[in-house]
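Engineer: Next one to model:
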Amino acid sequence: MGRCTSILAFACFSLLLIASTAKEVQGGPPSLPAGFMEKHIEQMKKERPGQYQRLLAAARQPITDCGSCHVQARRPSK
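Structural biologist: As a prediction, the model looks like this:
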């Protein structure tokens, strides 16, 4: 009985840990500070105009989050 309880507790804990990690990986940061995206976009325009134009051409429109431009931040497709 005690062994089954400990195995069940370990399994539940593992599933909770996996679920919380998956949310972080899929969604990126849960909430960005107000104005972060606007500042980041303006910084890219000024510092790296060529890279900004390439990202803008390949971006998902409208740009709403990191995954709109950065491929590594996009959620995996099912």
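Engineer: for residue 61, what are its contacts?
Structural biologist: residue 68 (CB atoms under 8 Å, 6 or more residues apart in numbering). In this view, the C-beta of every residue, glycine as well, is placed from N, C-alpha and C.
Engineer: What strand or helix carries it?
Structural biologist: Residue 61 belongs to no helix or strand when elements are defined using DSSP states H and E.
Engineer: Look up phi and psi at it.
Structural biologist: Backbone torsions of residue 61, given as degrees, to the nearest 10, read phi -100, psi 140.
Engineer: now do residue 43
Structural biologist: The phi/psi pair for residue 43 (degrees, to the nearest 10) reads phi -60, psi -40.
Engineer: Check the one 4 residues further on too.
Structural biologist: Backbone geometry at residue 47, expressed as degrees, to the nearest 10, gives phi -80, psi -40.
Engineer: in this protein, which spans are helices?
Structural biologist: 2-27, 36-47, 49-58 (DSSP state H).
Engineer: Quick one: mean pLDDT for the shortest one?
Structural biologist: pLDDT averaged over helix 49-58 equals 85, rounded to a whole number.
Engineer: Would you format the helices of the chain as a markdown table with distance to residue 70 and mean neighbour count included?
Structural biologist: Formatted as a markdown table, the entries for the helices of the chain read as follows, by distance: least, CB to CB, whole Å; neighbours: other CB atoms under 10 Å:
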| stretch | distance to residue 70 | mean neighbour count |
| --- | --- | --- |
| helix 2-27 | 13 | 10 |
| helix 36-47 | 10 | 12 |
| helix 49-58 | 8 | 12 |
